[in-house]
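Student: curious how this folds, go ahead:
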Amino acid sequence: MSGVRPRVVVATSNDGKLREFREILADLDVEWVSLADAGKVDFPEEGYDYEANAVAKARAAADQLGLPALADDSGLEVEGLAGAPGPGSARYGGEGLDAAGRVTHLLSEMADLAGDARRARFVCVAALATPQGVLEVADGVCPGSIRTEPTGRGGFGYDPVFEVTGRGVTMAELPAEEKNRVSHRGRALQGLRDAIAALGQPTRS
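Tutor: Down below sits the predicted model:
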C-alpha cells in the first residue's frame, strides 16, 4: 500500500528561510505549505534557547492548523562577543533594525576585534511536530568567521559577513545549492529527512 503525499506547514514568516526549507528538502514527496497559505498562527514569545524556540513554533503551528509543521530557530555566535548575538540574532540591535541594520550593528560591535575573536558559527535547531503529538528535533552547525564588510548578493541575514571555514567566501557568495549543503540549516533539516518522509507512510492498525 502506497503512502499519501503529506502537507507540511513551514512555520516561518521569513521568506529566505521558507525558500531554503523548500530547496533543501525538494526531493521529498511533500507539499510544502507557507503560513501565508495555511493561515494565521499565534506563536509564543521567543526566548533565548534554540531548541525551545523551534519546538514551540512547530507545536503552535501543528496544533492551530491541524497539519504537521516544520520550524527552526537559528543564530550567529561570535567568539569575541561571548557567543552573542546567539538566539537573539534576529532581534540584535533592537526590533526596529532590518537585516542590513543588524549587520551594521554587528560590525560596529566587532570593530576592535581581530584574529580568533572574529571566529564564529551559525547554529540551527529544527523541529518537526504533528497534531498527534509526534516531535522530532535535529541540529546543525556551520563554522566560520566574521569579515569586516559585507560581500556577496545571495542568502539573507548575516550571510554577507560570514566567511565559511575552508571556502574563502562568504555564505552570500556561495551558490544556493552549495550553501544548502554546508549551512547550519541544511545540516539540521537533513537530520529530519527520515521523519518528514515517514509522514506520508500508512500507519498500522
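
Student: show me what Ser34 is bridged to.
Tutor: Counting by DSSP bridges, Ser34 is bridged to Val10.

Student: quick check: it touching Phe21?
Tutor: No: with contacts defined as C-beta atoms under 8 Å, Ser34 does not count as touching Phe21, sitting 9.5 Å away. Every C-beta, even on glycine, is put in place using the N, C-alpha and C of the backbone.

Student: what touches both of those two?
Tutor: Both Ser34 and Phe21 are contacted by Val10, under the criterion C-beta atoms under 8 Å, 6 or more residues apart in numbering.

Student: what about those two, which has more around it?
Tutor: Phe21 (24 against 15; other C-beta atoms under 10 Å).

Student: pLDDT on the helix or strand encompassing the more buried one, on average?
Tutor: Remark: Phe21 resides in helix 15-24, with elements defined by DSSP states H and E. Helix 15-24 carries an average pLDDT of 88.

Student: how about it: buried residues?
Tutor: Lys17, Leu18, Glu20, Phe21, Ile24 (16 or more other C-beta atoms under 10 Å).

Student: cool, and stretch 24-39?
Tutor: Neighbour-count burial for stretch 24-39, counted by 16+ other C-beta under 10 Å, picks out Ile24, Leu25, Leu28, Val30, Trp32, Val33, Leu35, Ala38.

Student: just the residues you listed now: which is nearest Leu189?
Tutor: The closest of the buried residues of stretch 24-39 to Leu189 turns out to be Ile24 (C-beta to C-beta; 4.9 Å).

Student: would you confirm that the closest one contacts Gly186?
Tutor: Yes: under the criterion of C-beta under 8 Å, Ile24 makes contact with Gly186 at 5.1 Å.

Student: mutual contacts of the two, please.
Tutor: When contacts are counted by C-beta under 8 Å, 6+ apart, Ile24 and Gly186 have Asn180 as shared neighbours.
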